[in-house]
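Engineer: Build me a model from this:
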Amino acid sequence: MSGLDHKRLARLAEEQAYIEVVTMMIHADKVIEVGELVDLQNKLNSQFSLSRLSEEELTHLLHRAVADLDQEGADARIAAIAKVLTAPEQRTEAIRMALEICSADGKITASERAVLEKMRRAFELSEAAVAAILEP
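Structural biologist: Predicted coordinates:
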């Protein structure tokens, strides 16, 4: 495999990890509404280089993220995400995206807080680092 292929696969894995993070946050209450998926797709299309994904590809990745989450559970998926997002800036960005998704309605629920805390620990981020993300 060429270096270019390896870089592309690594980038796709990173994109999938970010998709899983935000999907996990809208799934924290065990209910994902169609409107949430549309909003999520729009948000992801504007993030990073995800805009190069077709709507069909993004929809497939979102459904895969939900299926993996349902089958394996949040703890296993968070651990898998942490193996992909190894750089501190990747992990900080993932938490920022998660916080943005779960605070979009003006409140963070107990189930969302629990998922955020699991991510924080798995990503080895301090509470102060997460608090700094919340500051404007």
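Engineer: Point to the residue nearest the middle of this structure.
Structural biologist: residue 21 (1.7 Å; Cα atoms, centre = their mean).
Engineer: pLDDT wise, what is that one at?
Structural biologist: On pLDDT, residue 21 comes in at 92.
Engineer: so it touches residue 100, yeah?
Structural biologist: No - if you go by Cβ atoms under 8 Å, residue 21 and residue 100 don't touch, sitting 10.4 Å apart. In this view, the C-beta of every residue, glycine as well, is placed from N, C-alpha and C.
Engineer: Tell me the confidence at residue 36?
Structural biologist: For residue 36, the predicted pLDDT is 64.
Engineer: ok, now the one 4 residues further on?
Structural biologist: At residue 40 the predicted local distance difference test score is 70.
Engineer: Please, which helix or strand holds it?
Structural biologist: helix 34-46 (DSSP states H and E).
Engineer: any idea whether the residue nearest to the centre of the chain is helix, strand or coil?
Structural biologist: Counting by DSSP: H, G, I helix; E, B strand; the rest coil, the backbone at residue 21 sits in helix.
Engineer: In contact with it, which residues?
Structural biologist: Remark: with contacts taken as Cβ atoms under 8 Å, 6 or more residues apart in numbering, residue 21 is in contact with 81, 94, 97, 98, 119.
Engineer: Low-confidence stretches in the chain?
Structural biologist: Along the chain, the model assigns pLDDT under 70 to residues 1-4, 30-39, 41-53, 136.
Engineer: where do the helices sit along it?
Structural biologist: Assigned by DSSP state H, the chain shows helices spanning 3-26, 34-46, 55-72, 74-84, 88-102, 110-122, 127-134.
Engineer: for the third one, which positions count as buried?
Structural biologist: Neighbour-count burial for helix 55-72 flags 58, 61, 62, 65, 66, 68, 69 (criterion: 16 or more other Cβ atoms under 10 Å).
Engineer: again with the longest one
Structural biologist: Applying a neighbour-count criterion of 16+ other Cβ under 10 Å, one finds 14-26 buried in helix 3-26.
Engineer: How about residues contacting stretch 75-87?
Structural biologist: 13-14, 16-18, 20-21, 24, 68-69, 72, 91, 94, 115, 118-119, 122-123.
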